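Visitor: predicted model and sequence below, questions to follow.
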Amino acid sequence: MLFTSYPLQKLTLKNRIVMSPMCMYSCHDESGRVTDWHKIHYPARAVGQVGLIIVEASAVTPQGRISPYDLGIWSDDQVPGLRELTGLVHGQGSHIGIQLAHAGRKAVLDGPIVAPSAIPFDDKSKTPEAMTAQQIAETIEAFKAAAARAKEAGFDVVEIHAAHGYLINEFLSPLTNLRTDEYGGDRDGRYRFLREVIDSVKTVWDGPLLVRISAHDYHPEGLTPEDYVYYARLMKAQGVDLIDVSSGAVVGGPPKVYPGYQVPFAELIRRSADVPTGAVGLITQAEQAEEILQNGRADLIFIGRELLRDPFWARTAAKQLRAELTPPKPYTRGW
Ligand SMILES: Cc1cc2nc3c(=O)[nH]c(=O)nc-3n(C[C@H](O)[C@H](O)[C@H](O)COP(=O)(O)O)c2cc1C
């Protein structure tokens, strides 16, 4: 299963292995532009036979960076470097996506930072400004413009980052969204920002669209996987193709992590909302990945740190599962 192809909307992925988006803080300066470092890092995982590589959280506005050295997709001058990157990955026979992100109150930057409500992440963090209606509208436009640039740069997949306590997650969670306007209140109100981001992205992007969520706030007053079953149904109705199921980091993390600790959330959402999911989190063994797929617990396997340690993890996994690797062939987007 791990090495069978997967139909992701108009694409056919050559296997079910996805490189999870991981910030590398490797821009040379604050321009947010691709460097040689990125041009070695990502294509190396394509040589390693990863089916789909998702480029790290890339900021849709300068204020949306997590750190000053983040990749950016807020400006047209960032497109040529990104195009070079997609070309290099395609040349090695893999598909490539990009994660569109805004850090919200978790941005560690000079100057003001923004969030749905003026609540700092912790007592060492800056207090964000509560976003005005105009700032909300501009940020939704920024996600849309970023998706248009992703298309121009040759990406196959767009993933919206709605997880890990960053801006969109801050709108979703009652722990961080205390707004009294139409972007706050009940769970539909708190979903409104993400709904408008998805709708505006879809006006310029008709390829595969993924959303990464944090399915558990790990807090008595926070969101639970059951809340995300509800949100997953809404996302599916809006045409989201797959939900990438992570957890935590709104106010804290899980009390304990262990191999596959987030897989039950991907499974619950897949079964209850009838939407394809990706599983992520301490999935490091080929047989573990195979079990998840064979038992219908998720559709794709996202691998993070193991692919930082070993760019050729997929080749070893194929050997262990006695699976055939797809021979290299010229890249075709197929749509
Ligand atoms: C260095 C590093 C950077 C990360 N950056 C991102 C990111 O940009 N976007 C995101 O959604 N998750 C990010 N994550 C989370 C990973 O994508 C992944 O969900 C997490 O590491 C768990 O998977 P793993 O156990 O296979 O590493 C990052 C993780 C690490 C270790």
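Guide: Happy to help now that I have it.
Visitor: for the nearest residue to Val34 once chain neighbours are set aside, give me its contacts.
Guide: Leaving out its chain neighbours, the residue that sits closest to Val34 by C-beta to C-beta, 6 or more residues apart in numbering is Gly81, at 3.1 Å. Backbone N, C-alpha and C define where each C-beta goes, glycine included. By C-beta atoms under 8 Å, 6 or more residues apart in numbering, the contact list for Gly81 reads 33-35, 38.
Visitor: next step: those restricted to helices.
Guide: His38 (DSSP state H).
Visitor: which one of the contacts of Gly81 is nearest Met19?
Guide: His38 (12.8 Å; C-beta to C-beta).
Visitor: can you report how many residues lie near Glu182?
Guide: 12 (other C-beta atoms under 10 Å).
Visitor: report pLDDT for the closest residue to Asp76 other than its chain neighbours.
Guide: Excluding the flanking residues, the one nearest Asp76 by C-beta to C-beta, 6+ apart is Arg149, at 6.8 Å. Note on Arg149: pLDDT of 98.
Visitor: how about Arg149, phi and psi?
Guide: Dihedral pair for Arg149: phi -70, psi -40, per degrees, to the nearest 10.
Visitor: what's near enough to touch it?
Guide: 73, 76, 78-79, 82.
Visitor: of the contacts of Gly81 - the most surrounded one?
Guide: Val34 (24 neighbours).
Visitor: quick one: the residue nearest to Asp76 from the ligand, how far?
Guide: 18 Å (C-beta to the nearest ligand atom, to the nearest Å).
Visitor: kindly report the same for Thr284.
Guide: Distance, Thr284 to the ligand, using C-beta to the nearest ligand atom: 7 Å.
Visitor: close enough to count as contact, that residue and Leu308?
Guide: No: Thr284 lies out of contact with Leu308 (C-beta atoms under 8 Å); the separation is 11.6 Å.
Visitor: hang on, Ile40 in a strand?
Guide: No: Ile40: not assigned to a strand; according to DSSP: H, G, I helix; E, B strand; the rest coil it is helix.
Visitor: flag every residue of the stretch 1-150 of the chain that's near the ligand.
Guide: Listed as neighbours of the ligand in the stretch 1-150 of the chain under the rule C-beta under 6 Å from any ligand atom: 20-23, 56-57, 99.
Visitor: list the contacts of Lys236.
Guide: Here Lys236 is in contact with 273-275 (criterion: C-beta under 8 Å, 6+ apart).
Visitor: among those, which ones lie close to the ligand?
Guide: Counting by C-beta under 6 Å from any ligand atom, no member of the contacts of Lys236 is near the ligand.
Visitor: export those residues to JSON lines and tack on neighbour count?
Guide: Formatted as JSON lines, the contacts of Lys236 follow (neighbours: other C-beta atoms under 10 Å):
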{"residue": "Ala273", "neighbour count": "20"}
{"residue": "Asp274", "neighbour count": "10"}
{"residue": "Val275", "neighbour count": "19"}
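Visitor: about what we covered before: after the helix or strand encompassing the residue nearest to Val34, which helix or strand is next?
Guide: Assigned by DSSP states H and E, Gly81 belongs to helix 79-91. Remark: after helix 79-91, the chain's next helix or strand is strand 95-101, criterion DSSP H and E.
Visitor: strand partners (parallel or antiparallel) of that following strand?
Guide: strand 52-59 (parallel), strand 157-162 (parallel) (DSSP bridges).
Visitor: okay, Leu242: pLDDT?
Guide: 98.
Visitor: residues near Ile96, how many?
Guide: Neighbours around Ile96, by other C-beta under 10 Å: 29.
Visitor: surely it touches Leu85?
Guide: Yes: counting by C-beta under 8 Å, Ile96 sits close enough to Leu85 to count as a contact (7.3 Å).
Visitor: what touches both of the two?
Guide: Listed as contacting both Ile96 and Leu85 by C-beta under 8 Å, 6+ apart are 42, 55.
Visitor: excluding chain neighbours, what is closest to Gly252?
Guide: Tyr218 (5.8 Å).
Visitor: hmm, the one you found is touching Ala249, no?
Guide: No: when contacts are counted by C-beta under 8 Å, Tyr218 is not listed as touching Ala249 (9.1 Å).
Visitor: wait, Gln288 touches Tyr261, no?
Guide: No: look at Gln288 against Tyr261 with C-beta under 8 Å: they stay out of range, at 11.9 Å.
Visitor: which residue ranges form the helices in this structure?
Guide: 36-47, 79-91, 133-152, 167-172, 187-202, 225-237, 263-273, 286-294, 305-309, 313-320.
Visitor: for those helices, which one ends up most surrounded?
Guide: The highest mean neighbour count among the helices of the chain belongs to helix 167-172 (a mean of 28), with neighbours defined as mean count of other C-beta atoms under 10 Å.
Visitor: helices and strands around that one, which ones?
Guide: For helix 167-172, the packing partners by 3 or more C-beta pairs under 8 Å, 6 or more residues apart in numbering; DSSP states H and E come out as strand 114-115, strand 157-162, helix 187-202.
Visitor: that helix near the ligand at all?
Guide: No: Helix 167-172 stays clear of the ligand (C-beta under 6 Å from any ligand atom), getting no nearer than 10.2 Å.
Visitor: avg pLDDT for that helix?
Guide: Helix 167-172 comes out at a mean pLDDT of 98.
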